[in-house]
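Colleague: Okay, sequence plus prediction incoming.
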Amino acid sequence: FRQSSMNDASLLYDGGMTAVRGDVNRIEEKLFKKTSVRIANSNTPLQSVLTGLKIELPPVEEQFGRNGFKVTHLRVAGAYHHPTYMGLAARVLDYILDLSDTEIKEPKIHLVLDTTGKTEKNPHKIRRALVEQVISRTQWIEVINFFIKQGIPRENIIEVGPGRVLTNMLKDFPKLKTLG
C-alpha cells in the first residue's frame, strides 16, 4: 500500500531527488528559499539527499557543484519525504487507522525511529511514526549517533533489503567502533 500511494503521489507531483556530498552544515546554508527543494535525508556528516520539483533540481545541483559539492541525481520516481507528500501521509494514516484491529505491541528491543534517531516503545506513538516517516526528513545521522552512544559496533548493524547503500554510509562515521 505504501509503495502504491507513493507512486500515486509521484504522478501528481513531478519531483525527484539528488544526493549532495560535502559538509552537511554547509548544505543547510546553501538551500534556496525561492525553490521547493528541501533536505529529505540527513544521511551522514558528509551526505544529504535533497528532494523537490524536477524542474527546480538542475539549477540547485549546479549551484552545489560550483560550490565544491559532489552532486548525484538519483534515479527515483518521486520527491520522497517532501512536504508536498502531506496528502500521501493522510492516505497512509487512513490505511494505518484501518489496521486498528492489528495490534502493535511494545517492542522487546530498541526501536529507533528514523525521523528522530530516538527510541520508542509506546505502540500508539509507533503507529503515528509510521505515518510521519513518509513525509519527514530521514535522520540517519541521528540513528547512527544513537548506535555510537550505545556502543553498538559496525558489524552488528545489519542492512535489510537489497543493496548496501546504508552499510556503505557507515564509513562516514569514524566514531563507530568495530569488533576487531
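Modeller: Structure received. Note that the structure is predicted; figures quoted are calculated from it, not measured.
Colleague: Go ahead and flag the most central residue of the protein.
Modeller: residue 138 (2.6 Å; CA atoms, centre = their mean).
Colleague: So that residue is in contact with residue 38, correct?
Modeller: No - between residue 138 and residue 38 there is no contact under CB atoms under 8 Å: 11.9 Å. Backbone N, C-alpha and C define where each C-beta goes, glycine included.
Colleague: Pull up the overlap in contacts between these two.
Modeller: Counting by CB atoms under 8 Å, 6 or more residues apart in numbering, the common neighbours of residue 138 and residue 38 are residue 81.
Colleague: which residues of the protein score low on pLDDT?
Modeller: 1-13, 28-33, 85-100 (pLDDT under 70).
Colleague: Which parts of it are helices?
Modeller: 2-12, 24-30, 57-66, 86-98, 123-135, 140-150, 165-169 (DSSP state H).
Colleague: Need the contact partners of the third one.
Modeller: Residues from elsewhere that reach helix 57-66, judged by CB under 8 Å, 6+ apart: 16-18, 20, 22, 27, 30-32, 35, 37, 50, 52, 71, 73.
Colleague: Can you report how many residues lie near the closest residue to residue 51 other than its chain neighbours?
Modeller: For residue 51, ignoring the flanking residues on the chain, the nearest one in space by CB to CB, 6 or more residues apart in numbering is residue 40 at 3.8 Å. Residue 40 has 26 neighbours, counted by other CB atoms under 10 Å.
Colleague: pretty sure residue 40 is touching residue 139, no?
Modeller: No - judged on CB under 8 Å, residue 40 makes no contact with residue 139 at a distance of 10.8 Å.
Colleague: rewinding a little: which pair in the contacts of helix 57-66 spans the largest distance?
Modeller: Across the contacts of helix 57-66, the longest distance by CB to CB is 19.4 Å; it joins 16 and 22.
Colleague: Of the two, which one has the most company?
Modeller: Set residue 16 next to residue 22 and count neighbours by other CB under 10 Å: residue 16 wins out with 24 against 17.
Colleague: give me every residue that touches the more buried one.
Modeller: Contacts of residue 16 (CB under 8 Å, 6+ apart): 51-54, 57, 73-74, 76, 78-79.
Colleague: Farthest pair within those?
Modeller: For the contacts of residue 16, the maximum inter-member distance is 14.4 Å, found between 53 and 74 (CB to CB).
Colleague: what about the two, which has more around it?
Modeller: Of the pair residue 53 and residue 74, residue 53 is the one with more neighbours under other CB under 10 Å, namely 17 against 14.
Colleague: Could you list everything the more buried one pairs with in the sheet?
Modeller: residue 15 (DSSP bridges).
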